[in-house]
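Participant: Got a predicted model here, sequence first, then my questions.
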Amino acid sequence: MTHGVISSWFDVYTHIYSKTNNNTLSIGAYLPNRPDLMYATEWQGWDEFLGLIRSYNETRYMVQHVLKLHSRLTYEVFIYENPKRAELLRIPALPWIVYENKGWIDDEHFFGCISINDRMMNESLDLS
């Protein structure tokens, strides 16, 4: 588990196992043995069921093409104003920390935009 984020089924298993008495696996009376069968018509996969954070590339695609957020500021405002929606979309509040060693390059890559410094440099070179 990184920064309090459950990132795999193994993290879930380890978390549940460590919280039980006598280190025996007990997941409670209300969790079905096979949720994939019990909720078959609605089933979208284990990551969705467990609420795991999306991968870097999935989140990056969602931010750029679905949510159309193109800067850290617009992302932070979205997270602040829509915390429940962000949770349901399974995107992290601080992607630059969560994905630090999992694909993060920089804001420009994640948000799909040119930095202000690069834009100013391009405009100053435009001689037309």
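Facilitator: Looks like it arrived, so ask away.
Participant: and Trp96, that's in a helix?
Facilitator: Yes: assessed by DSSP: H, G, I helix; E, B strand; the rest coil, Trp96 belongs to a helix.
Participant: any idea whether Val63 is helix, strand or coil?
Facilitator: helix.
Participant: wait, isn't it in contact with Tyr75?
Facilitator: Yes: with contact defined as C-beta atoms under 8 Å, Val63 reaches Tyr75; the gap is 6.6 Å. Where you see a C-beta, it was placed from the backbone N, CA and C, and this is true even at glycine.
Participant: where do the contact lists of these two overlap?
Facilitator: Contact criterion C-beta atoms under 8 Å, 6 or more residues apart in numbering; residues shared by Val63 and Tyr75: 69, 95, 111.
Participant: What residues does the nearest residue to His109 once chain neighbours are set aside make contact with?
Facilitator: Spatial nearest neighbour of His109, chain neighbours left out: Arg60 (7.8 Å); criterion: C-beta to C-beta, 6 or more residues apart in numbering. Listed by C-beta under 8 Å, 6+ apart, the contact partners of Arg60 are 103, 109-110, 112.
Participant: Mind telling me what element Arg60 is part of?
Facilitator: Per DSSP states H and E: Arg60 is located in helix 56-61.
Participant: how near is Glu76 to Lys68?
Facilitator: As defined by C-beta to C-beta, to the nearest Å, Glu76 lies at a distance of 15 Å from Lys68.
Participant: hmm, I was thinking of Ala93
Facilitator: 18 Å.
Participant: These two: who's more crowded?
Facilitator: Ala93 (14 against 11; other C-beta atoms under 10 Å).
Participant: excluding its backbone neighbours, what's nearest the more buried one?
Facilitator: Using C-beta to C-beta, 6+ apart, the closest residue to Ala93 is Ile79 (4.8 Å).
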